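>>> A structural model of the following input is requested.
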Amino acid sequence: MAKDRDISFSDRMTEHEALMWNIEKDPWLNPNGSAVTILDQPVDLDRFKRQVRHGVAKIPRLYQRVVPGLGRISTPAWAPDPEFNFDHHVLQIELPAPGTDQQLFDLVTKLAAEPLDRTRPLWRFVVIGGLEGGRGAIWSVFHHAISDGVGQIRMAELYQQATRDDEGHPEVDLEAIVAAASDAHAAKERGGNQATGVVNTAMGSLRHVARRQLGLTRRAVGEVMLWPADMSRAVEAADDVISATKNTVDQLTGSSNERPGGSELWRNRSRHRRLQWVRVPLDALKASAKADGVTINDAFMAGLTDAAVAYHAKRDVAVDAFNTSFVVSTRSDNNIGGNSFTPVMVQVSGSAMGVGERFADIHAATERAREAASHGGGMSGIAGLANLLPTSVVTKTARDRAGKIDFATSNLRGAPFPLYCAGAKVEAIICMGPVAGTAANITALSYDGNFDMGLMIDPVAIDDPEDFGNCVADAFDRMLTQPKAKKPKSSKKSKKGKA
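The predicted structure follows:
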């Protein structure tokens, strides 16, 4: 089912990817999301492995390991893993009877807590059998340094099919492909001399820094040369620098002029996780959002905010405002994998509201947050600054920042039609976003007419995850069943009248 996608990966991590790689040294800040795909039957394992092997052969990043740069003067590089072992990355587990959804969720939550081996290629599949009703599942994880959510959805096209009977791709000699790539890389880097390899590593790091600085210098010089002809550009540039610096520092440190906000009930944090799943019909959600003139993402965040308000109301706890975030994709390419996104922090009201009022409030808050983020340094600016600091300083700052966020959100778009994987139909794809020190991460994926929300919850922060899941389900039920206001019909006379 693979589409005609571009496959283009850099030899080095971007600043953003390097930041995610570095902060993972603190297990609390694991930035990696994963997903569990529920199938109507177990996959044909040999067939599935054949499809994955084809995907790995097509995407070199999946047989590459991370090579540290020289000190901190450059981002880490990627190189073929000469000890690549496919069987390390594709495993099989059978659930004990009766194989309930809860057993599945408990298993994949434990799998998600296990760090990837940082000396190997950074991905893994676990094929799961024994689900009640004769179903199967696949749990998958890719390190965030390889790809964001959009890129992972595109990568999945390499091992998914459009029909049940599609045999997919033929077998490939993956080991020979990896061996050839490893030999070519070794010949290029070492030239047959181990000492030369060390020098090449240092020189490669220095060249990377030089290219990065040269690009920045060229852009700066080009801008400055225009100032004599238009002095207003100099003033605007100065204002932009001040604004970008302030916003970058605010995003990095969590400081701002906004109300502190946040739930006192959800202050505690841990490394424990619980997964809840809420599904709503996509068409009904679209209709509800459209009726009030807001986006799907506005409706998504509105439902979660109402759920948070209801959860606290049950416990007689008032919250002035919740601190949350959403993700803006900045992709303009057709690439498989890679990272191109910016997280945007936003504060939303903790007051009880009607559905229409909540939509309007969320829409206004997210628009303000987008505008503020557009004047900041973005993730590239933050990452470039953070990567110059000691890792311990960055992780402490990141923990402090994450500890102020009540829930993080992400909204992904999947296929609008049924998918199959090695003979099994995909019934649902439940995303398990990185909690990374927040109270919860809720990542939604639209697929085949449904809007599936994976709620990854820290049960020490939100001590009744099941009830929070029920609050989310109830909030969206109210949203989708609200009576739609009928708009008055315009008369023919009014249509012809002047504006």
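
>>> which residues touch stretch 16-29?
Applying Cβ atoms under 8 Å, 6 or more residues apart in numbering, the contact partners of stretch 16-29 are 13, 30-32, 66, 75-76, 115, 143-145, 269, 271, 339, 379-380, 382-383, 386-387, 391, 394-395, 398-399, 402, 436-437. For glycine as for every other residue, the C-beta is placed from the backbone atoms N, C-alpha and C.

>>> Is it possible to mark the buried ones in these?
13, 30-32, 66, 75-76, 143-145, 269, 339, 379, 382-383, 386-387, 394-395, 398-399, 402, 436-437 (16 or more other Cβ atoms under 10 Å).

>>> Helices along the stretch 251-400 of the chain, start to end?
282-291, 296-314, 355-374, 378-386, 391-402 (DSSP state H, counting those that start in this stretch).

>>> and of those, who's closest to residue 61?
With Cβ to Cβ, the closest approach to residue 61 among these belongs to helix 378-386: 19.1 Å.

>>> could you give the mean pLDDT of the closest one?
What helix 378-386 shows for mean pLDDT is 62.

>>> what about residue 106, distance to residue 36?
For residue 106, the distance to residue 36 equals 11 Å [Cβ to Cβ, to the nearest Å].

>>> more crowded one of these two?
residue 36 (26 against 14; other Cβ atoms under 10 Å).

>>> Quick check: the gap between the more buried one and residue 108.
5 Å.

>>> what's the overlap in contacts for these two?
In contact with both residue 36 and residue 108: 137, 139, 432, using Cβ under 8 Å, 6+ apart.

>>> in stretch 160-171, what's buried?
Buried residues in stretch 160-171, counted by 16+ other Cβ under 10 Å: 160, 161, 168, 169.

>>> cool, stretch 22-31 as well?
Counting neighbours by 16+ other Cβ under 10 Å, stretch 22-31 gives 22, 23, 24, 26, 28, 29, 30, 31 as buried.

>>> Restricting to C-alpha, output that stretch in PDB.
The C-alpha trace of stretch 22-31 is given here as PDB (Å, rounded to 0.1, in the frame of the first residue of the first chain):
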ATOM      1  CA  ASN A  22      19.900  14.200  25.100                       C
ATOM      2  CA  ILE A  23      17.000  14.700  27.500                       C
ATOM      3  CA  GLU A  24      16.200  11.000  27.300                       C
ATOM      4  CA  LYS A  25      19.100  10.500  29.600                       C
ATOM      5  CA  ASP A  26      16.600  11.400  32.300                       C
ATOM      6  CA  PRO A  27      14.100   8.500  32.100                       C
ATOM      7  CA  TRP A  28      11.300  10.800  33.300                       C
ATOM      8  CA  LEU A  29      11.600  12.800  30.100                       C
ATOM      9  CA  ASN A  30      11.400   9.900  27.600                       C
ATOM     10  CA  PRO A  31      10.100  11.700  24.500                       C
END
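
>>> chain center to that stretch, what's the gap?
15 Å (Cα atoms, centre = their mean, to the nearest Å).

>>> Also stretch 296-311?
19 Å.

>>> before we move on, what about stretch 171-189?
With Cα atoms, centre = their mean, you get 30 Å for stretch 171-189.

>>> need the strands for this structure, in chain order.
Under the criterion DSSP state E, the chain carries strands at the ranges 34-39, 64-67, 77-80, 90-94, 123-131, 135-142, 274-281, 321-329, 341-349, 407-413, 420-421, 424-432, 440-447, 450-457.

>>> Now do the same contact list for the nearest residue to residue 82 once chain neighbours are set aside.
Closest residue in space to residue 82, ignoring its immediate chain neighbours: residue 182 at 4.3 Å, by Cβ to Cβ, 6 or more residues apart in numbering. Applying Cβ under 8 Å, 6+ apart, we find residue 182 in contact with 80, 81, 82, 84.

>>> Neighbour-wise, which one of these leads?
In those, the most neighbours by other Cβ under 10 Å go to residue 84, 22 neighbours.

>>> measure it to residue 60 for me?
The gap separating residue 84 from residue 60 is 11 Å, by Cβ to Cβ.

>>> give me the low-pLDDT residue ranges for the chain?
1-3, 71-72, 191-260, 375-382, 384-385, 483-499 (pLDDT under 70).

>>> hmm, back to that, out of the helices of the stretch 251-400 of the chain, deepest packed?
helix 296-314 (a mean of 23; mean count of other Cβ atoms under 10 Å).

>>> can you put the buried residues of stretch 22-31 in JSON lines and add distance to residue 315?
JSON lines is the format used below for those (distance: Cβ to Cβ, whole Å):
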{"residue": "22", "distance to residue 315": "38"}
{"residue": "23", "distance to residue 315": "33"}
{"residue": "24", "distance to residue 315": "34"}
{"residue": "26", "distance to residue 315": "31"}
{"residue": "28", "distance to residue 315": "26"}
{"residue": "29", "distance to residue 315": "28"}
{"residue": "30", "distance to residue 315": "29"}
{"residue": "31", "distance to residue 315": "31"}
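
>>> ok, those residues vs residue 292, which is closest?
Distances from residue 292 to the buried residues of stretch 22-31, taken by Cβ to Cβ, are shortest for residue 31, at 33.7 Å.

>>> Verify the contact between the closest one and residue 141 for me.
No - counting by Cβ atoms under 8 Å, residue 31 sits too far from residue 141 to count as a contact (11.6 Å).

>>> ok, back up a step: from the buried residues of stretch 22-31, which land in helices?
22, 23 (DSSP state H).

>>> Which two of the buried residues of stretch 22-31 have the greatest separation?
Pairwise over these, using Cβ to Cβ, the maximum falls at 22 and 28, 13.7 Å.

>>> Can you give the distance of stretch 353-363 from its chain's centre?
26 Å.

>>> which residues are contacting it?
By Cβ under 8 Å, 6+ apart, stretch 353-363 touches 288-289, 292, 294-295, 298-299, 301-302, 305-306, 348-349, 478-479, 482.

>>> Tell me the one of those residues nearest residue 466?
residue 306 (17.8 Å).

>>> So that closest one sits against residue 473, correct?
No - in this structure, residue 306 is not within contact of residue 473 by Cβ under 8 Å, at 11.3 Å.

>>> list residues touching both of those two?
With Cβ under 8 Å, 6+ apart, residue 306 and residue 473 have no common neighbours.

>>> and residue 366, what is it in contact with?
297, 298, 301, 326, 344, 346.

>>> Out of those residues, the closest to residue 447 would be?
Taking the contacts of residue 366 together and measuring to residue 447 by Cβ to Cβ, the closest member is residue 297, at 16.3 Å.

>>> Quickly note the distance from that closest one to residue 413.
Taken as Cβ to Cβ, the span from residue 297 to residue 413 is 11 Å.

>>> shared neighbours, those two?
With Cβ under 8 Å, 6+ apart as the test, residue 297 and residue 413 reach no residue in common.

>>> show me where the stretch 51-200 of the chain has helices.
86-89, 101-113, 149-156, 174-190, 194-224.
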